[in-house]
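Q: Dropping the sequence and predicted coords here.
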Amino acid sequence: MKAAVLLLVSAVIALPAFADKQALVGGRLIDGYGHTPVQDSVILVNDGVIEQVGTVETLAIPDDYEQISTEGMDVLPGLWENHAHLMLNGHADYSHWQPTYKDRLADEIMPASAEQLLLAGITSARDLGAPLEPSIGLKQEIADGERAGPTLYVSGPFIQAEPYPGTDHYRWGVKTKEEARQKVNQLADAGVDIIKLIDQDKMPDGVAHEVVNQAHKRNLKVVAHSHRPDEIRVGLDIGVDNFEHTGLTTSPGYPDDIIEKLKERTATGRVAGGPLFWTPTIEGLWNYNLTVANPEKLDSSCWERGLKDDTIADIKQSLEDPGKLDYMQLTPLRKPTLKHKFEQLREAGVVLLVGTDSGIPTKFHCQSTWNELALWVEEFGMDPMDTIRAATYWPAVMMGVQDKVGTIKAGQVADIIAVKGDVLRYINLLQDVDMVMKGGTLYKYDGDVIESALP
């Protein structure tokens, strides 16, 4: 590269949070399509939308564009977190958390979760399970620029046969087909983006199917838990779009009949409405014993951002002895089963999505997603490029928004992150994202938060 160009792309001082016209200059571009990365890239952004993509040799930078150096960085589409719980912040005791913080979700808990996700490089997130009003409220506040956070795709309350005691504010029971239609319509009319099912195998005959049918009539995708074999069997029969978790507790693998059903479904592809998606959410299970052995990551201050002092103290107190959490006692027995189940899913042809159950005990929004990516690559042998696409391109396809986000090309929203170094060799570089841009607004650069960008 010529010396003049080097000076051009490296002399970036006092970047504004937002400029109408910006040029990201010099980095290696991993655009989300899985092809060979583009060296010395140039990305022109105009009013929050990617205008052109090229290289320093092929794309001239107009004089009126604010130049932002990505020299020495890998540049990627903003990441998706496909299974987050913004109403949770890692506290170990749900029976205490839910009633104590029920009235603080809208003003404190969920906005703090959203901001933490964004600063970790998450520019889109699926929030799967929370009270309806704060879910829709936060989604709209972020869209209106009143709050900082990822673009949210929310489910609102779970739909299940019967809510667990004390959970009626974020779990809705459905017992009849008429009630199924009514609840789905209520959620759709409120503005949710996705319907979440749990315990679908415990619903009366035909009721879960009616939930899926009505959701699809309202152009909503359906995600469903996959903890029990019958949950999966029923989910496949009724046309669920995306299964969540790697369940079956301590069972060594998925039963043969389920694998055959998965293969039948994945063989139909577009005929059945597109790929069958699966979000394994396995990192928290795999790394739990390591967290117990070295709980230092629980002391990170990143998860405290946006939370009040008493909330922070309460969460810390709940995690004082992570090895004795009731929530996690089966986890060490589940760990030996995870790699086989992950391989079974891959071999069956499902399209895997990166999601983490972020917010559950010991899992903080500022840490969860990169840990999942690193596990897939470093422990399970997943190709780094395929893993990145599972957190960028494929989630956008699943949600039907691939014409807006998930890749870096002309016409897409400027949701872009960058890290210093070679992320295809060292995937855990994503634990410290150096640049975060969402919709053309720069929220983080050179590892520093641009506080003026945060509402």
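A: Yep, it's here.
Q: Name the SS class of Asp31, please.
A: When classified by DSSP: H, G, I helix; E, B strand; the rest coil, Asp31 comes out as coil.
Q: just checking, it touches Gln412?
A: No: judged on CB atoms under 8 Å, Asp31 makes no contact with Gln412 at a distance of 9.6 Å. Just so you know, the C-beta spots here come from the backbone N, C-alpha and C atoms, and that holds for glycine as well.
Q: mind checking how far the closest residue to Thr246 other than its chain neighbours is from Lys316?
A: The shortest distance from Thr246 to any non-neighbouring residue, by CB to CB, 6 or more residues apart in numbering, is to Pro280 (4.5 Å). From Pro280 across to Lys316, the span is 29 Å (CB to CB, to the nearest Å).
Q: Which one's more surrounded, these two?
A: Remark: of Pro280 and Lys316, Pro280 carries more neighbours, 29 against 15, as counted by other CB atoms under 10 Å.
Q: now the more buried one: how far from Gly359?
A: From Pro280 to Gly359 the distance is 17 Å (CB to CB).
Q: Any buried residues in stretch 133-150, and which?
A: By neighbour count on 16 or more other CB atoms under 10 Å, the buried set for stretch 133-150 is Pro134, Ser135, Ile136, Gly137, Leu138, Lys139, Glu141, Ile142, Arg147, Ala148, Gly149, Pro150.
Q: average model confidence for that stretch?
A: Averaging pLDDT along stretch 133-150 gives 98.
Q: Least confident secondary structure element in the protein?
A: The weakest-scoring helix or strand in the chain, judged by mean pLDDT, DSSP states H and E, is helix 3-10 (a mean of 41).
Q: Tally up the residues packed near Asp20, please.
A: 12.
Q: Quick check: chain neighbours aside, which residue is closest to it?
A: Asp47 (5.5 Å).
Q: Identify the residues contacting that neighbour.
A: Applying CB atoms under 8 Å, 6 or more residues apart in numbering to Asp47 gives the contacts Asp20, Lys21, Gly440.
Q: can you check Leu236 too?
A: Counted by CB under 8 Å, 6+ apart, Leu236 has contacts Ile258, Lys261, Leu262, Arg265.
Q: Now the residue nearest to Asp20: phi and psi?
A: Phi and psi for Asp47, reported as degrees, to the nearest 10, are phi 50, psi 40.
Q: Let me know the helix or strand that Ala60 is in.
A: Per DSSP states H and E: Ala60 is located in neither a helix nor a strand.
Q: now swap in the one 3 residues further on and tell me
A: Mapping Asp63 onto the secondary structure by DSSP H and E places it in no helix or strand at all.
Q: from the buried residues of stretch 133-150, which is closest to Asp127?
A: Closest to Asp127 out of the buried residues of stretch 133-150 is Ser135 (6.3 Å), distances taken as CB to CB.
Q: hang on, that closest one in a helix?
A: Yes: counting by three-state DSSP, Ser135 is located in a helix.
Q: Not counting its neighbours along the chain, what's nearest it?
A: Val154 (4.3 Å).
Q: how about the one you found, what does it touch?
A: Arg126, Asp127, Ala130, Ser135, Ile136, Leu138, Lys139, Val192, Asp193, Ile194.
Q: Quick check: bridge partners of it?
A: Beta bridges link Val154 to Asp127, judged by DSSP bridges.
Q: And the strands in the stretch 151-300 of the chain?
A: With DSSP state E, counting those that start in this stretch as the criterion, the stretch 151-300 of the chain has strands at 151-154, 158-160, 171-173, 194-197, 221-225, 242-244, 277-279.
Q: between those, which one is nearest to Ser113?
A: strand 151-154 (10.4 Å).
Q: From the chain's centroid, how far away is that closest one?
A: 10 Å (CA atoms, centre = their mean, to the nearest Å).
Q: Now do the domain split for this structure, please.
A: Following automatic domain parsing, one gets these domains for the chain: 3-78+406-453, 80-295+321-398.
Q: pLDDT value on the residue nearest the centre of the chain, please?
A: Using CA atoms, centre = their mean, the residue of the chain that lies closest to the mean C-alpha position is Glu81, 0.7 Å off. For Glu81, the model assigns a pLDDT of 98.
Q: now Thr311
A: On pLDDT, Thr311 comes in at 98.
Q: can you pull the contacts of it?
A: Contact analysis of Thr311 by CB under 8 Å, 6+ apart lists Asn89, Tyr101, Arg104, Glu108, Ile109.
Q: Could you measure from the closest residue to Phe18 other than its chain neighbours over to His209?
A: Once flanking residues are discounted, Phe18 sits nearest to Thr441: 4.7 Å by CB to CB, 6+ apart. Between Thr441 and His209 the computed distance is 43 Å (CB to CB).
Q: quick one: the helices in the stretch 151-300 of the chain?
A: In order along the chain, the stretch 151-300 of the chain carries the following helices (DSSP state H, counting those that start in this stretch): 177-190, 207-217, 229-238, 256-266, 283-286, 288-293.
Q: Quick one: mean pLDDT for the first one?
A: Confidence over helix 177-190, taken as the mean pLDDT, stands at 98.
Q: Against which helices or strands is that helix packed?
A: Judged by 3 or more CB pairs under 8 Å, 6 or more residues apart in numbering; DSSP states H and E, helix 177-190 is in contact with helix 132-143, strand 158-160, helix 207-217.
Q: so how far is Thr167 from Gly173?
A: Going from Gly173 to Thr167 by CB to CB gives 10 Å.
Q: same check, this time on Lys297
A: 29 Å.
Q: so how far is whatever helix or strand Val45 lives in from its chain's centroid?
A: Element membership for Val45 (DSSP H and E) is strand 41-46. Centroid separation for strand 41-46 versus its chain: 25 Å, with CA atoms, centre = their mean.
Q: In the sheet, which strands lie alongside that strand, parallel or antiparallel?
A: Sheet pairing of strand 41-46 (DSSP bridges) gives strand 21-25 (antiparallel), strand 49-55 (antiparallel).
Q: Is it possible to get a markdown table of these that adds distance to Lys420, mean pLDDT and mean neighbour count?
A: Output for the strands paired with strand 41-46, formatted as a markdown table (distance: least, CB to CB, whole Å; pLDDT from 0 to 100; neighbours: other CB atoms under 10 Å):
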| stretch | distance to Lys420 | mean pLDDT | mean neighbour count |
| --- | --- | --- | --- |
| strand 21-25 | 14 | 97 | 24 |
| strand 49-55 | 20 | 98 | 17 |
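Q: can I get the ones you listed in TSV with distance to Leu345?
A: Putting the strands paired with strand 41-46 into TSV (distance: least, CB to CB, whole Å) gives the following:
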stretch	distance to Leu345
strand 21-25	35
strand 49-55	33
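Q: His85 is nearest to which of these?
A: strand 49-55 (30.8 Å).
Q: what lines up beside the helix or strand that comes right after that closest one in the sheet?
A: For strand 49-55, the succeeding helix or strand toward the C-terminus, using DSSP H and E, is strand 66-69. Strand pairing for strand 66-69, using DSSP bridges, gives strand 21-25 (parallel).
Q: picking that back up, give the intersection of the neighbour lists for Asp31 and Gln412.
A: Here Asp31 and Gln412 have Pro77 as joint contacts, going by CB under 8 Å, 6+ apart.
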